[in-house]
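Student: Just a sequence and a predicted model for now, questions to come.
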Amino acid sequence: MEEEKRENPMQNEIEDGAADPAAPCAAFTASTPEEECVEPESDAPSSAVGEDAADAEESIPEADPNEAGEDGKELSPEAEAPATPVWDFGSGASPDACAAKKERNKDGTKRFYRVFAIVAALCFVALVVTFFLGNTGFKIVRTVEKERTVFVHDHDESGTLLSAQEAAARVQNFTVAISVNTAEFTGVASGIIYTEDGYILTNHHVVENGGPFQVMLPDGDVLDAALIGSNEAADVAVLKINAAGLTPAIFGDSDNLLAGDAVLAVGTPANLDYAGAVAFGRISAPLHIMKITDTNGTVVRKMKLIQTDAGVNNGNSGGPLADYYGHVIGMINMRLSTYAGNTFIGINFALPINGVKTVADAIIAHGSFDGAKNPIAENASMIGFSGYAVSAGKWYLLDPESGKVESSDSEQSGYRHAARDGVMVGSVLDTGGAAGILLEGDLILRINGLTMLRIQDVIAEANRHWSGESVKILLLRGGAELEAEIVIGEKSA
């Protein structure tokens, strides 16, 4: 039996409509909410696909129930007729509707570009106004422990923050090398040009062993120098060379420093071959109280110093520590290399320049500093009592004449009982800060929160403070804990 080919007119018509560019405008309402208009390319009138589909469905010929298939079986209408898909089409759009929608889209695009152009113009005008009418200087304000304003590119030569290279070049112009010649040795140190007529700042320990002294200027010229005077406590000395028209240092304010400030140290480490060498670093601590001890380890005085990690070596003494404005804020004087058998790197110190200038001005004017209050150094601190270490549970007796202390595990006549470990007060000075506050027999437990177990602990804590400052003491008296506040005093020379 010859095979009969059947075609689905509706499927063909739908496929033809999709491929034909001249197909009428229609929208698939089930998936696209808006009508998408496509303008026909031919003059053929547009028609609704839904109507064509209906006509196609009606033109499908009915099958003859008496006609058998290839296998001889009779074909039923349900098996013979193909399933007709159900499509949900929206109504067609006319060419006029498509054209109107295109006009609306064009109007929206024009409005967008107009708004964009206006916004861009306003931004450009604001930029121009800011550039021509704004402040030409820049200010950076930072708050750490106190507020300070840093000016950057303010067109003021004395207040302009410099690059590292610019700051180094400026500071090198007023840094000198000092040659020290004695019968025992020849050494080198550094100095700062203080005035244009030849006054040079350096350390007392540079000149304490005598001269003669020579100064090498930044341009390499060497001139003999005379010692004007020095102050051992402050470690400041002044030399004088016969010169004029020198470039003097520009000085900053050492009272206005913060930890983390960038600094540079310039000097002559090792020997004259390294004159003008520069080391960069930061302020580690704007104020450090350094205890100066004698050969027995007894504190003889304290110094207010600036701590920095800028590289310092032998020969840097007397050289400037400067900020990135090229302003001198300190004068290098020492470094900590070993302590308690340990080696340290990067713990270096400089004298605050405010105090250096005070001492130097007095030396230039009078040959020495005889001020009532040294701005850099003072004698050892004291709380105003003497005492001795005790252990809990024992009894103690202090011999006031010999100063010896006797102890006993059991109660003895005249002995004082130690209920806790600490430092027992033996006597109170009439002129010290403890007068009228501490009593003999008081047991000192803590000072500023630190446990006191030896008299050396008390001395060390007292010398961590400048005279006039106060400390808080926790003590045991009559079995009860008491708190007291005592003002630190200064020992007489």
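Tutor: Ah, there it is. Just so it is clear, the model here is predicted, and its values are computed rather than measured.
Student: Tell me the gap between whichever strand or helix holds residue 284 and the middle of its chain.
Tutor: For residue 284, the element it lies in under DSSP states H and E is strand 277-293. Strand 277-293 sits 18 Å away from the centroid of its parent chain (Cα atoms, centre = their mean, to the nearest Å).
Student: Give me the sheet partners of that strand and which way each runs.
Tutor: Applying DSSP bridges, strand 277-293 is found paired with strand 262-267 (antiparallel), strand 299-308 (antiparallel).
Student: Show the average pLDDT along it.
Tutor: In this model, strand 277-293 has a mean pLDDT of 95.
Student: Can you give me the buried ones in that strand?
Tutor: Going by neighbour count (16 or more other Cβ atoms under 10 Å), the buried part of strand 277-293 is 277, 278, 279, 281, 283, 284, 286, 289, 290, 291. Where you see a C-beta, it was placed from the backbone N, CA and C, and this is true even at glycine.
Student: Among those residues, which one lies nearest to residue 486?
Tutor: residue 289 (17.7 Å; Cβ to Cβ).
Student: For residue 397, which residues are in contact?
Tutor: 405, 406, 407, 408, 412, 414, 415, 416 (Cβ atoms under 8 Å, 6 or more residues apart in numbering).
Student: CA-only coordinates of the helix or strand harbouring it in CSV, if you can.
Tutor: Assigned by DSSP H and E, residue 397 falls within strand 395-398. C-alpha atoms of strand 395-398 as CSV (Å, rounded to 0.1, in the frame of the first residue of the first chain):
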residue,chain,number,x,y,z
TRP,A,395,59.4,39.6,112.7
TYR,A,396,61.9,42.5,112.1
LEU,A,397,63.9,45.0,114.0
LEU,A,398,65.7,48.0,112.5
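Student: okay, now the residue lying closest to residue 362 once chain neighbours are set aside: neighbour count?
Tutor: Closest residue to residue 362 apart from its sequence neighbours, by Cβ to Cβ, 6 or more residues apart in numbering: residue 369 at 4.3 Å. Residues within reach of residue 369, counting by other Cβ atoms under 10 Å, total 22.
Student: And residue 350, by the same measure?
Tutor: 28.
Student: pretty sure it contacts residue 304?
Tutor: No. Using Cβ atoms under 8 Å, residue 350 makes no contact with residue 304, being 10.7 Å away.
Student: Mutual contacts of those two, please.
Tutor: Residues touching both residue 350 and residue 304 (Cβ under 8 Å, 6+ apart): none.
Student: now the strand or helix carrying residue 458 against strand 277-293, angle please.
Tutor: Assessed by DSSP H and E, residue 458 sits inside helix 455-462. For helix 455-462 against strand 277-293, the angle by axes from the mean of the first three to the mean of the last three Cα atoms, to 10 degrees is 130 degrees.
Student: So for helix 455-462, what gets flagged as buried?
Tutor: Those would be 455, 457, 458, 459, 461, 462, for helix 455-462 by 16+ other Cβ under 10 Å.
Student: How about exporting it as CSV, limited to the C-alpha atoms?
Tutor: Only the C-alpha atoms of helix 455-462 are listed here, as CSV (Å, rounded to 0.1, in the frame of the first residue of the first chain):
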residue,chain,number,x,y,z
ILE,A,455,63.8,48.7,98.3
GLN,A,456,65.3,48.8,94.8
ASP,A,457,61.8,48.3,93.4
VAL,A,458,60.7,51.5,95.3
ILE,A,459,63.8,53.5,94.0
ALA,A,460,63.3,52.3,90.4
GLU,A,461,59.6,53.3,90.4
ALA,A,462,60.3,56.7,92.0
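Student: And that helix, how far out from the chain middle?
Tutor: With Cα atoms, centre = their mean, you get 34 Å for helix 455-462.
Student: ditto for stretch 281-298
Tutor: 24 Å.
Student: List of residues touching it?
Tutor: Residues outside stretch 281-298 that contact it (Cβ under 8 Å, 6+ apart): 257-265, 299-311, 334, 346-347, 349, 352, 377, 380, 460, 463-466.
Student: quick one, phi/psi of the closest residue to residue 357 other than its chain neighbours?
Tutor: Excluding the flanking residues, the one nearest residue 357 by Cβ to Cβ, 6+ apart is residue 251, at 6.7 Å. Main-chain torsions, residue 251, degrees, to the nearest 10: phi -110, psi 140.
Student: Specify the beta-bridge partners of residue 251.
Tutor: Beta-bridge partners recorded for residue 251 (DSSP bridges): residue 328.
Student: related to what we said a few turns ago, any quick PyMOL command for the buried ones out of the contacts of stretch 281-298?
Tutor: Applying 16+ other Cβ under 10 Å to those leaves a buried subset, and the PyMOL line that selects it is:
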select buried, resi 257+261+263+264+265+299+301+302+303+304+305+306+307+308+309+310+311+334+347+349+352+377+380+463+464+465
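Student: List the contacts of residue 439.
Tutor: Residues near residue 439 by Cβ under 8 Å, 6+ apart: 425, 428, 477.
Student: make that residue 272, sorry
Tutor: 177, 179, 188, 216.
Student: Where neighbours are concerned, which of the residues you listed has the most?
Tutor: residue 177 (26 neighbours).
Student: Was I right to think that residue contacts residue 187?
Tutor: No. Using Cβ under 8 Å, residue 177 is not in contact with residue 187; the gap is 11.1 Å.
Student: and for those two, which residues touch both?
Tutor: Shared contacts of residue 177 and residue 187, defined by Cβ under 8 Å, 6+ apart, are absent.
Student: Can you pull out the low-pLDDT segments for this structure?
Tutor: Applying pLDDT under 70 to the chain flags the ranges 1-104, 130-159.
Student: where along it do the helices fall?
Tutor: Secondary structure of the chain (DSSP state H): helices located at 9-19, 49-58, 77-80, 95-133, 164-172, 204-207, 353-366, 455-462.
Student: which outside residues touch the last one?
Tutor: To tie it back to what came earlier, the one meant is helix 455-462. 291, 299, 380-383, 387-389, 423, 444, 447-448, 450-452, 471, 488.
Student: The same query, at a cut-off of 10 Å, please.
Tutor: 291, 297-299, 302, 380-389, 422-424, 426, 433, 444, 446-452, 454, 469, 471, 473, 486, 488-489, 491 (Cβ atoms under 10 Å, 6 or more residues apart in numbering).
Student: Thought residue 256 was touching residue 325, still the case?
Tutor: No. Between residue 325 and residue 256 there is no contact under Cβ atoms under 10 Å: 11.6 Å.
Student: of the two, who's got more company?
Tutor: Taking neighbours as other Cβ under 10 Å, residue 325 and residue 256 compare with residue 325 leading, 20 against 13.
Student: Give me the phi and psi for that one.
Tutor: phi -90, psi 0.
Student: cool, residue 419 as well?
Tutor: According to degrees, to the nearest 10, residue 419 has phi -80, psi -20.
Student: give me every residue that touches it.
Tutor: So, once contact is read as Cβ under 10 Å, 6+ apart, residue 419 ends up touching 390, 392, 393, 443, 476, 478, 479.
Student: Ok, residue 364 next?
Tutor: 194, 195, 199, 228, 229, 238, 240.
Student: Tell me how many other residues surround the first one.
Tutor: Residue crowding around residue 194 was assessed by other Cβ under 10 Å; the count is 25.
Student: Now do the residue nearest to it when sequence neighbours are not counted: how many residues are near it, please.
Tutor: Nearest non-adjacent residue to residue 194, counting by Cβ to Cβ, 6+ apart: residue 201, 5.0 Å away. Neighbourhood size, residue 201 [other Cβ under 10 Å]: 28.
Student: Residue 328 is in contact with residue 201, correct?
Tutor: Yes. Between residue 201 and residue 328 there is a contact at 9.0 Å, judged by Cβ under 10 Å.
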